[in-house]
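Participant: build me a model from this:
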Amino acid sequence: MKSLPRLLVVLSVIFAGSVAFAADAAPAAPAKEKKEDTELTKKMDKMNAAYRKLKKQAADATKNAESLQLVATMREYATAGSKLEPLKLTEIPEADRAKMLEGFKAKMKDFLAGIDKLEAALKAGQNDEAVKLVQALGAMQKEGHKEYKSKSID
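Facilitator: Okay, here's the model as predicted:
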């Protein structure tokens, strides 16, 4: 009978020790240092939220009115963003900045033209075409981010 209480004590000690060891075994990863969002980043994030919703519903003709509101939101933030300068501009040599800013503004102009086409397709009830245009806008976004988004923002 004396061995049963001893066994319970030994098992309790082993269990408690393993729990304590497991808690210390995985040290917390250091927090990523994230730069404060720029005005452009804030606008692009809001535009991206509208884009993600639109991407899910562009094929559904019954949601065209809501889709047109999302397109208007995208246009609003894209227009405002096109007037700002990307953070990456400050990370490149002074001599290359004007060319980069010109390229950024041209890409934003193309993006806005794509938004205009998307709006026209939705108004005409051409949802298959709208889906293609949404995909094209997504490709433009990826290309633009690759070229103009600062690595420090990710």
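
Participant: any low-confidence regions in the chain?
Facilitator: Across the chain, the ranges flagged by pLDDT under 70 are 1-36, 154.

Participant: can you give me the helices in it?
Facilitator: In the chain, the helices defined using DSSP state H lie at 3-25, 39-57, 64-82, 94-123, 127-148.

Participant: right, and the ones you listed - which one's nearest Lys88?
Facilitator: When the helices of the chain are compared by C-beta to C-beta, helix 127-148 sits nearest Lys88, at 5.7 Å. For the C-beta atoms, the positions are set from N, CA and C on the backbone; glycine is no exception.

Participant: what residues does the closest one touch?
Facilitator: By C-beta atoms under 8 Å, 6 or more residues apart in numbering, the list of residues contacting helix 127-148 from outside reads 48, 51, 54-55, 58-61, 64, 67, 86, 88, 100, 103-104, 107-108, 110-111, 114-115, 117-118, 121-122.

Participant: redo that, cut-off 7 Å
Facilitator: Contacts to helix 127-148, defined as C-beta atoms under 7 Å, 6 or more residues apart in numbering, come from residues 51, 54-55, 58-59, 61, 86, 88, 104, 107, 110-111, 114, 117-118, 121-122.

Participant: can you redo the helices of the chain as a markdown table with mean neighbour count?
Facilitator: Below are those laid out as a markdown table (neighbours: other C-beta atoms under 10 Å):
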| stretch | mean neighbour count |
| --- | --- |
| helix 3-25 | 9 |
| helix 39-57 | 17 |
| helix 64-82 | 18 |
| helix 94-123 | 15 |
| helix 127-148 | 16 |
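
Participant: for Gly114, give me its contacts.
Facilitator: So Gly114 contacts Leu133, Ala136, Leu137, Met140 (C-beta under 7 Å, 6+ apart).
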